[in-house]
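>>> quick one: sequence plus predicted model below, questions after.
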Amino acid sequence: MYIENESEWLSRLFDDLWPVTRSITGPGLRKSLKIFREEIPLEIEGVPSGTDVFDWEIPPEWHIYEGRLTGPDRNIYADFDETNLAVVNYSKAVNGSFSLDELKPHLYTDPSVPDATPYVTSYYERTWGFCLPHQVYEELPEGEYYAHIDSEFVDGELNFGHTVLPGESDEEVLLSSYLCHPSLANNELSGPLVLAALYHRLSEWENRQFTYRFVLCPETIGSIAYLSEYGDHLKDALVGGLVLTCLGGPSESLSYKTSRRENALIDKTVQNLKEQSDKGFKIRQFTPTGGSDERQYCSPGFNLPVGQIARTVYGQYDGYHNSNDDKEFMGIDSLIQSVDLIENLLQSFEYAGYYENQKPYGEPMLGKRDLYPNINSPQQWERANSVVNEQEFLNRILTVLNYSDGEHAMVEIADDYGCPMDEMIPVVETLLDHNLLQRVLTSYDK
Amino acid sequence: MYIENESEWLSRLFDDLWPVTRSITGPGLRKSLKIFREEIPLEIEGVPSGTDVFDWEIPPEWHIYEGRLTGPDRNIYADFDETNLAVVNYSKAVNGSFSLDELKPHLYTDPSVPDATPYVTSYYERTWGFCLPHQVYEELPEGEYYAHIDSEFVDGELNFGHTVLPGESDEEVLLSSYLCHPSLANNELSGPLVLAALYHRLSEWENRQFTYRFVLCPETIGSIAYLSEYGDHLKDALVGGLVLTCLGGPSESLSYKTSRRENALIDKTVQNLKEQSDKGFKIRQFTPTGGSDERQYCSPGFNLPVGQIARTVYGQYDGYHNSNDDKEFMGIDSLIQSVDLIENLLQSFEYAGYYENQKPYGEPMLGKRDLYPNINSPQQWERANSVVNEQEFLNRILTVLNYSDGEHAMVEIADDYGCPMDEMIPVVETLLDHNLLQRVLTSYDK
Amino acid sequence: MYIENESEWLSRLFDDLWPVTRSITGPGLRKSLKIFREEIPLEIEGVPSGTDVFDWEIPPEWHIYEGRLTGPDRNIYADFDETNLAVVNYSKAVNGSFSLDELKPHLYTDPSVPDATPYVTSYYERTWGFCLPHQVYEELPEGEYYAHIDSEFVDGELNFGHTVLPGESDEEVLLSSYLCHPSLANNELSGPLVLAALYHRLSEWENRQFTYRFVLCPETIGSIAYLSEYGDHLKDALVGGLVLTCLGGPSESLSYKTSRRENALIDKTVQNLKEQSDKGFKIRQFTPTGGSDERQYCSPGFNLPVGQIARTVYGQYDGYHNSNDDKEFMGIDSLIQSVDLIENLLQSFEYAGYYENQKPYGEPMLGKRDLYPNINSPQQWERANSVVNEQEFLNRILTVLNYSDGEHAMVEIADDYGCPMDEMIPVVETLLDHNLLQRVLTSYDK
């Protein structure tokens, strides 16, 4: 499938997904996965409720039908039909009258953003509750309230979707995002939308060195379930990966959180692009204390070379986890800028690994391959310097040849030389064409 | 034995030890060891004179009975009965008349501290001599002096004392101090006194991870003799150690000299406490050019993970190696502050090693163990922040779990996270209690 | 052969070599090698034209007899008899009339140094050409020119010369310089002249730890040919080496380009002398993009521990590759200063390797060897400090003994202690004399 207008396509897809009441299980999650299956060839799988996944257990599905908090003045102060944030995610059913004091422990607000409905969850402890703007909460009249939530817990399954775009090598790159928050934009839909767009971009590449695995799952329990089934395979096959999150919003650059290894090739590639170019990456050091599914991929038993990439980072903007995080805040244009930068990063990563100079004894004779000026005179080099960096290109060739011994990764060579990794691609391609370089496949992730 | 009043106990012990004429061998050394044997269960051993210990030979015992320098004016200018510093330690006997010029090569003073009698030794070259204040020396009248030293060299033994306080593991921590200077306080008695106090402190601990070995021996030749007998055992068993020296005096912080390895876990633990807390440790890099018995423990054939800890460091105060180094200068209170800090350091060191997360695949489910808030709402985290660092404690838990892979020592995890090692103890204890962590015994000193 | 007056000897040798028309092959190269064979016992070898040497092929010999460019005004604008730079090196024969426009593509100048004849080569592409000062070129009259170059390409050989000065060990140090530029001084003759002087200096040493290999060959193709024959031997035997180039000129210090390894012992030795002494070395990091034969010695298939040493570095002075690079610019005195510094560097390098303390258990008893004061008194150390660094020498002894465990190279010990490597030589010699240290031969280049 060819996407003619990426912007319109993303906008339409956003609008289809926005109103769906997602959670970590249940019909909303399944519906969202099916919407994506229309656009990329997702295989949707399910893990039954009650299944042990490592230290966790798949919870029952949550089905929610209605939720409404009616005041003593008959005003409706929280209404699931108006926003699916109004009911605590995984709230149990309730049907009854409560005084304001009895009610208060069940009401959630975010005083720091008083006009917004916060997003609150209680997956593993059965309780009920409503979420509402703090400014509404402050004005609640005394009296008898009627709380009505019609929900149930049902034996079912936890679902995730995934697909693979094959490349020359079986070595895999993982692109993973989460699907579990209801109507939130930057911190929910931005990741899966960028992932879908990247699927289409990468399928247009002339050739792919790596096989690309795309995963959509609910956060935390979903990636744990995924690892429970595919973790051993990933340990064998993965050479790098990215968790996609919060890829919209007003920030001007991408923010990369390193893998737990901190010096995996994917980490080094981003570091290189940050330091050697003006693409404006920011780097956050790995931490297990906050973040997204990289916390699972980078748990010590797996320790996969998976970083996390964001634009307007969770917890660092006012709309985080509340109703202000909408389409306007996210911005379709921001998504496309993210797609551009991540595509360039993945292209750079394709070449970031290990190579071997095929003529390692002395310098290869570049002149006979038309890669070196055959006459050595002052004019020659002056000419070279005035034309498009003939001298610079030669210097990069000599540098790549000298250090390509299977021990220095190309991204390290680029770092030492002081060149952004994406600009090394034509140098490597030229030397591969002349059979002066050969890729060392097995040593990618030393 | 329970010490009711540590200060009084140390003061009394000091007073018993102070007048004894110690040397590297002989009756004074034996008497001092026996005084300590009353307080801690020392086993006293002897190595016969003439025994080869590595590149050295145990010298004969030195017995000193009298020493007096009488002037032409019948004044006594140096008197062993008044201070045992008055005779050069290991001085041979002399009995005869000398002109002032003949005498001068046998008189020792310290012009930089003119009111003090210096401490001078000549263990391995037979000579005789007196020590006196420089201001007395300057006023010596011309005329005939009578020098009388009654001493002898006797085949006997070199003695040392040691004892072991067992712990859960056979892995040992060494605490070693020296006993060989006569009436000197900071640079002699402070070390053995702190060692004795630590013995009692550690014997009160609820449990000890390590076995603790306490050694008292004469400096240099004593630790060489000790290594000659117990060096192989120490190479097998030792995970860390401290040479205790100069632990009194006016300095406000402890000064730690690293082991030769510079990055042994004991070194890292002190470094951590220095950098992450305000306990005020100072660090000196290892050097073999000066110091105490760590020069022997850290000789290249042993290279034990043994640092040296001091307060008012040898060579850095006026009273060093002279009669001004007395009880008042040392201060019993300073000793107790040293005991407190070293006890805290040893407690931190008990937890500084390697652990393995027992649920390493994905994050463990902390909620079911009451280690994680089960409802995720803005209020929850606000509450956490206002109460006693619930969020901070959780972050430490997540950090410890993620990095406890048997490859990162706990003190390194604490460093990277930015937390003093002693504050990590409750985190580790909590996770041990929940069987989420297990100590890796054998890899302590990687 | 003993050189009585090094300066006169170098000056005479320079004058003999200067007029010879060298190239990468041919009679001029052979003649130059033979001139050197009169001074040092060079063995001269040849590799036949057409031989494959790795990725290269030995070209035919270039024989040049005459070269003259006559103008329409009968003036001679370029004359090989006047300077052998006037004809492009490896120019093919030509004999014919050309208009100025037809001629211009065959004329080479260096506009940045308008009064000098540039040095231009075209070894691997057959063309013809003249070199002349840019200011002459600018004034060339219109009209018919007569271009005459009498040269031919002859099957013959490429020659190089080498010799070995044996030492106690078979481990080798390489000193290599190039011989292929015609009448150029700093960037041609300075290297071979310094090499010849070093041969004589080193042959006067009382003993040589290493075997020294001296190589003179044409640049690039010559060292590739040399490696093709002796590369395997060098991989086995070499512990360090220097390419000598541009060792004259006005610069006041030597400039060292590291080996590709960057931390070989030879690199560390120069680094030590730079940082711990005021000998004024500069350091350039290795790069394969420019330089001399270290580009071949440090190609990834060999990766030999060979650095390059220069004074007034190629490309960094006006006379580079033109007729201004003459004897006056180079300076015989500059050469001798270079010889002095390199000799000191090589002496330092002889001791820079690994040693083992023969008494590693505890400190050796230095007193019985008269290396330690036998009486410990304030006066002793004061005396020591006032005399020539008795205390400092003892500290160096203790430091060397402690760290000589076969794992720390002497140059690293010197670095850590803060002492120039050449000042460590008497310390090491003292300890070798007392059998307290033993050289570890096989581990030189860990």
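Received it, and whenever you're ready, just let me know what you need.

>>> pull up the gap between the residue in the stretch 151-300 of chain A that chain B sits nearest to and A:Thr245, please.
Distance from chain B to each residue of the stretch 151-300 of chain A (C-beta to the nearest C-beta) is smallest for A:Pro288, at 3.6 Å. C-beta coordinates here come from the backbone N, C-alpha and C atoms, glycine included. In this view, A:Pro288 and A:Thr245 are 16 Å apart by C-beta to C-beta, to the nearest Å.

>>> looking at those two, which is more packed in?
Taking other C-beta atoms under 10 Å in any protein chain shown, A:Pro288 and A:Thr245 do not tie; A:Thr245 has more neighbours (27 against 21).

>>> buried ones in stretch A:276-287, by neighbour count?
Neighbour counts over stretch A:276-287 (16 or more other C-beta atoms under 10 Å in any protein chain shown) mark A:Gln276, A:Ser277, A:Lys279, A:Phe281, A:Lys282, A:Ile283, A:Phe286, A:Thr287 as buried.

>>> any idea which of those residues is least confident?
The lowest pLDDT within the buried residues of stretch A:276-287 belongs to A:Lys279, with 80.

>>> check which helix or strand covers that residue.
Per DSSP states H and E, A:Lys279 falls between elements, in no helix or strand.

>>> which pLDDT does the model give A:Leu198?
98.

>>> residues touching it, list them.
Contact partners of A:Leu198, counting by C-beta atoms under 8 Å, 6 or more residues apart in numbering or on different chains, are A:Leu175, A:Phe214, A:Val339, A:Ile342, A:Glu343, A:Leu346.

>>> now that you've got the residues you listed, can you turn the buried subset into something I can paste into PyMOL?
Selection of buried members from the contacts of A:Leu198 for PyMOL, criterion 16+ other C-beta under 10 Å:
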select buried, chain A and resi 175+214+339+342+343+346
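
>>> restricted to strands, list the contacts of A:Leu198.
Members of the contacts of A:Leu198 lying in strands (criterion: DSSP state E): A:Leu175, A:Phe214.

>>> closest to C:Ile35 among the contacts of A:Leu198?
A:Leu346 (61.0 Å; C-beta to C-beta).

>>> for the closest one, give me the pLDDT.
pLDDT, A:Leu346: 98.

>>> how much space separates it from chain C?
Separation of A:Leu346 from chain C (C-beta to the nearest C-beta, to the nearest Å): 28 Å.

>>> from what I can see that residue touches A:Gly167, true?
No. Contact between A:Leu346 and A:Gly167 fails when scored by C-beta atoms under 8 Å: they sit 11.0 Å apart.

>>> with adjacent residues omitted, what lies nearest to A:Ile24?
Using C-beta to C-beta, 6 or more residues apart in numbering or on different chains and skipping the chain neighbours, the partner closest in space to A:Ile24 is A:Pro218 (3.9 Å).

>>> how about that neighbour, phi and psi?
Per-residue torsions, A:Pro218: phi -60, psi 150 (degrees, to the nearest 10).

>>> surely it meets A:Glu157?
No. At 11.5 Å, A:Pro218 does not count as touching A:Glu157 under the criterion of C-beta under 8 Å.

>>> looking at these two, which is more packed in?
A:Pro218 (25 against 20).

>>> okay, the more buried one and A:Lys279: tell me how far apart.
32 Å.

>>> beta partners for the closest residue in space to A:Ala116 that isn't next to it in sequence?
Nearest residue to A:Ala116, sequence neighbours excluded (C-beta to C-beta, 6+ apart): A:Asn322, at 3.9 Å. Beta-bridge pairing for A:Asn322 (DSSP bridges): A:Pro118.

>>> give me the number of residues near A:Asn322?
Neighbour count of A:Asn322, defined by other C-beta under 10 Å: 24.

>>> wait, isn't it in contact with A:Pro118?
Yes. At 4.7 Å, A:Asn322 counts as touching A:Pro118 under the criterion of C-beta under 8 Å.

>>> shared neighbours of these two, anything?
Common neighbours of A:Asn322 and A:Pro118, counting by C-beta under 8 Å, 6+ apart, are A:Leu85, A:Asp110.

>>> among the buried residues of stretch A:276-287, which one sits closest to chain C?
Nearest member of those to chain C, counting by C-beta to the nearest C-beta, is A:Gln276, at 16.9 Å.

>>> so who does that closest one touch?
Residues near A:Gln276 by C-beta under 8 Å, 6+ apart: A:Ala414, A:Asp415, A:Gly418, A:Cys419, A:Pro420, A:Met421.

>>> could I get those as JSON lines with secondary structure?
Below are the contacts of A:Gln276 laid out as JSON lines (DSSP: H, G, I helix; E, B strand; the rest coil):
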{"residue": "A:Ala414", "secondary structure": "helix"}
{"residue": "A:Asp415", "secondary structure": "helix"}
{"residue": "A:Gly418", "secondary structure": "coil"}
{"residue": "A:Cys419", "secondary structure": "coil"}
{"residue": "A:Pro420", "secondary structure": "coil"}
{"residue": "A:Met421", "secondary structure": "helix"}
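
>>> where does pLDDT dip in the stretch 1-150 of chain A?
A:1 (pLDDT under 70).

>>> give the partner strands of the strand or helix carrying A:Gly67 in its sheet and their orientations.
Assessed by DSSP H and E, A:Gly67 sits inside strand A:61-70. When pairs are called by DSSP bridges, strand A:61-70 turns out to pair with strand A:76-79 (antiparallel), strand A:144-154 (antiparallel).

>>> for it, buried residues please.
Under 16+ other C-beta under 10 Å, the buried positions of strand A:61-70 are A:Glu61, A:Trp62, A:His63, A:Ile64, A:Gly67, A:Arg68, A:Leu69, A:Thr70.

>>> gap between the first one and chain B?
Plainly put, A:Glu61 is 19 Å away from chain B if you go by C-beta to the nearest C-beta.

>>> hmm, A:Ser49 and that residue touching each other?
Yes. Counting by C-beta under 8 Å, A:Glu61 does reach A:Ser49; the two are 6.4 Å apart.

>>> shared neighbours of the two, anything?
Common neighbours of A:Glu61 and A:Ser49, using C-beta under 8 Å, 6+ apart, are A:Thr25, A:Val154, A:Asp155, A:Gly156, A:Glu157.

>>> from chain B, how far off is the nearest residue to the third one once chain neighbours are set aside?
By that I understand A:Asp155. Counting by C-beta to C-beta, 6+ apart, A:Asp155 lies nearest to A:Ser49, which is 4.8 Å off, once chain neighbours are set aside. Using C-beta to the nearest C-beta, A:Ser49 is found at 16 Å from chain B.

>>> which residues touch A:Ser49?
A:Thr25, A:Ile58, A:Pro59, A:Pro60, A:Glu61, A:Val154, A:Asp155, A:Gly156, A:Glu157, A:Leu158.

>>> so which of those residues is the most crowded?
A:Thr25 (29 neighbours).

>>> and the gap between it and C:Phe393?
78 Å.

>>> do the same with A:Tyr403
44 Å.

>>> which of those two has more neighbours?
Per other C-beta under 10 Å, whichever of A:Tyr403 and C:Phe393 has more neighbours is A:Tyr403, with 22 against 17.

>>> confirm A:Pro182 sits in a strand?
No. Counting by three-state DSSP, A:Pro182 is not part of a strand but coil.
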